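Participant: Next comes the sequence, and after it the predicted model I'd like to discuss.
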Amino acid sequence: MVVERGIADKTVEQSAAAVQASRPRLFYLDNLKVLLIMPVVMHHAGQPCGPGGDWPIAPGPLPGIDLLLMSLFFVVNSAFFMGLFFLISAYFLPGSYDRKGSGQLVIRQIPVVKDVL
């Protein structure tokens, strides 16, 4: 079955492309996301050896100072990195809402509401 695209689909794509071309890319946010991803990778890589890992294969106890440093890293890292990711995404929410309207926002939240209930 062949589905032909309508004029409305082409118009939406053209307007989205025009809006994308008119706005410059925010490279500082790209750089911030890269800097935030690095501690996330280190956090997940350190979980098997760190405190509270609950991994089936224990690598052995860490010396006191290593355990303290790793615990401090986990606490500081988990205190801010997810919040900053949410802050970055919230920065783009008003513009996306203005372009797409409330319909897209509601449609995309239906699976979340279904999973919560």
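Facilitator: In hand now; what should we look at? These figures come from a predicted structure and were not determined experimentally.
Participant: Can you show me the helices along the chain?
Facilitator: Secondary structure of the chain (DSSP state H): helices located at 7-22, 27-46, 64-116.
Participant: now those helices as TSV including mean pLDDT and mean neighbour count?
Facilitator: For the C-beta atoms, the positions are set from N, CA and C on the backbone; glycine is no exception. Formatted as TSV, these follow (pLDDT from 0 to 100; neighbours: other C-beta atoms under 10 Å):
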stretch	mean pLDDT	mean neighbour count
helix 7-22	59	10
helix 27-46	87	12
helix 64-116	81	11
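Participant: Any figure for the gap between the most centrally placed residue in the chain and P63?
Facilitator: For the chain, the residue whose C-alpha lies nearest the mean C-alpha position (C-alpha atoms, centre = their mean) is F85; its distance is 5.4 Å. Shown here: F85 relative to P63, a distance of 33 Å by C-beta to C-beta, to the nearest Å.
Participant: for S96, same thing?
Facilitator: Distance of S96 to P63, computed by C-beta to C-beta: 49 Å.
Participant: got it, and V112?
Facilitator: 43 Å.
Participant: R23 now?
Facilitator: R23 is 51 Å from P63, by C-beta to C-beta.
Participant: now V75
Facilitator: For V75, the distance to P63 - C-beta to C-beta - is 19 Å.
Participant: cool, and L29?
Facilitator: For L29, the distance to P63 - C-beta to C-beta - is 39 Å.
Participant: Next: F81.
Facilitator: 26 Å.
Participant: same thing with G101?
Facilitator: 57 Å.
Participant: Good, wrapping up.
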